[in-house]
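Trainee: From the sequence below, what's the structure:
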Amino acid sequence: MSFVILLKCFQNACYFCLDSQDTGPCRAAFQRWSYHAQNSTCHNFTYGGCRGNSNNFLTENKCLSICAPFRGSPQQHITGCAVI
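Mentor: The predicted structure follows:
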């Protein structure tokens, strides 16, 4: 993996880890995990099965492995992303 691709992944993860949890408009009931930057943890929620956003993970471990590097306040994340 090249440095440019890795940097792009880092930037993208930074932004979607800050998205609010979104169940989407559909009515299915899939158990998923979303990252909460305010307290640097992942919470489970019921995903409706369509739309929503990318802050939506199959497991808590996947959520933490992708989003945990962005711990701190949401403002710190936004500032950090802008600098990259």
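Trainee: Hmm, Ser34 and Thr59 touching each other?
Mentor: No - using CB atoms under 8 Å, Thr59 is not in contact with Ser34; the gap is 11.8 Å. C-beta coordinates here come from the backbone N, C-alpha and C atoms, glycine included.
Trainee: which residues sit in contact with Asn44?
Mentor: Shown in contact with Asn44 (CB atoms under 8 Å, 6 or more residues apart in numbering): Gln31, Arg32, Trp33, Glu60.
Trainee: no no, His36
Mentor: With CB under 8 Å, 6+ apart, His36 has these contacts: Gln21, Cys42, His43.
Trainee: Secondary structure and neighbour count added to those, as CSV?
Mentor: As requested, the contacts of His36 are exported to CSV (DSSP: H, G, I helix; E, B strand; the rest coil; neighbours: other CB atoms under 10 Å):
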residue, secondary structure, neighbour count
Gln21, coil, 17
Cys42, strand, 24
His43, strand, 13
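Trainee: of those, closest to Ile66?
Mentor: Lowest distance from Ile66 to the contacts of His36 (CB to CB) belongs to Cys42, with 9.6 Å.
Trainee: Within the helices and strands, which one has the residue nearest to that closest one when sequence neighbours are not counted?
Mentor: The shortest distance from Cys42 to any non-neighbouring residue, by CB to CB, 6 or more residues apart in numbering, is to Cys63 (3.7 Å). Using DSSP states H and E, Cys63 falls within helix 60-67.
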